[in-house]
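*Asks:* Sharing a model that was predicted from the sequence below.
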Amino acid sequence: MTPPTLDFWFEFASSYSYLAVMRIEPLAREAGVTIRWRPFLLGPVFLSLGWNDSPFNIYPPKGRYMWRDLARLATRYGLPFQVPSKFPRSGLLAARVALLGAEAPWIGDFARAMMHANFADDRDITDPAVIRALLAGLGLPADALLAEATGEANKLALRRQTEKATELGLFGAPSFVTPDGELFWGNDRLEDALAWVRQPGG
């Protein structure tokens with residue numbers, strides 16, 4: 001019997017994506033669900049909604065709440081956390097690399113390393129040197145991956161993936177989309193999404 005699948009749409013600049021990226025693999029294994037990693041960019045999605053920045057920056061009270069909420073949740077999950085000195089940082093290059101590895105065994109390790117760098121170590125994930133070091137630390141061919149990630153074919157693939165997110169009606173990250181088209185938005189809906197795809201007809 002083929003395991004149920006769940007599409008996991010995430011953004012490296014997204015604060016709540018940090019929590020979901022760090023949690024999803026063990027929860028999916030326990031549930032017997034195969035995760036399909038879907039890196040994309042929130043910037044174009046926000047622009048399509050009329051926002052030129054993160055809503056957490058546009059609405060300061062919402063931003064203050066989000067950082068406090070994130071700290072509480074990180075403590076609950078046993079995850080390290082510090083507010084990045086710059087938010088949001090561009091996840092463009094990281095997403096391009098992640099797209100190359102979306103179906104490779106290293107995607108989870110890479111995504112967690114990038115998220116840890118941004119939301120625990122406050123490292124500049126826009127810096128190719130930071131990404132190169134993380135890839136090398138995972139034993140991956142960093143220079144070759146970065147070269148391929150910045151090639152025109154992969155740039156176009158990420159653009160199309162982001163367009164697909166808009167077509168699916170995504171408006172934030174993390175988002176989880178089931179094979180029958182159900183959309184679950186937010187780290188706090190991860191468990192619900194996994195339960196949905198396990199039910200008959202899910």
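*Replies:* Yep, that arrived.
*Asks:* In three-state terms, label the residue nearest to D53 when sequence neighbours are not counted for me.
*Replies:* Of all residues not flanking D53 in the chain, F46 sits nearest, at 7.4 Å (Cβ to Cβ, 6 or more residues apart in numbering). All C-beta spots, glycine's among them, are computed from the backbone N, C-alpha and C. Following DSSP: H, G, I helix; E, B strand; the rest coil, the label given to F46 is helix.
*Asks:* what about the strands in the protein?
*Replies:* 5-10, 34-39, 175-177, 183-185 (DSSP state E).
*Asks:* roughly how far is the third one from the heart of the chain?
*Replies:* When you say that, I think you mean strand 175-177. Chain-centre distance of strand 175-177: 11 Å, with Cα atoms, centre = their mean, to the nearest Å.
*Asks:* What pairs with it, parallel or antiparallel?
*Replies:* In the sheet, strand 175-177 lines up against strand 5-10 (antiparallel), strand 183-185 (antiparallel) (DSSP bridges).
*Asks:* Only the buried residues of the helix or strand bottoming out on mean pLDDT in the chain, if you could.
*Replies:* Sorting the helices and strands of the chain by mean pLDDT, DSSP states H and E puts helix 55-58 at the bottom, at a mean of 74. The neighbour-count check on helix 55-58 (16 or more other Cβ atoms under 10 Å) flags F56 as buried.
*Asks:* returning to that earlier point: so which of the strands of the chain is the most surrounded?
*Replies:* strand 175-177 (a mean of 25; mean count of other Cβ atoms under 10 Å).
*Asks:* and the residue nearest to D53, what is it in contact with?
*Replies:* Residues near F46 by Cβ atoms under 8 Å, 6 or more residues apart in numbering: N52, D53, S54, P55.
*Asks:* List just the one of the strands of the chain that sits closest to N154.
*Replies:* Set against N154 and scored by Cβ to Cβ, those come closest in strand 34-39, at 11.3 Å.
*Asks:* Partner strands of that closest one, with direction?
*Replies:* Going by DSSP bridges, the partners of strand 34-39 are strand 5-10 (parallel).
*Asks:* And for the strand it pairs with, what's in contact with it?
*Replies:* Strand 5-10 is contacted from outside by 17, 20-21, 24, 28, 33-40, 111, 165, 170, 173-179, 193-194, 197, using Cβ under 8 Å, 6+ apart.
*Asks:* okay, now V130: neighbour count?
*Replies:* Look at V130: counted by other Cβ atoms under 10 Å, it has 19 neighbours.
*Asks:* Local confidence estimate at it?
*Replies:* pLDDT for V130: 98.
*Asks:* For the residue nearest to it when sequence neighbours are not counted, give me the pLDDT.
*Replies:* In space, V130 comes closest to R123 once its chain neighbours are excluded; the distance is 5.3 Å by Cβ to Cβ, 6+ apart. Looking at R123, its pLDDT reads 98.
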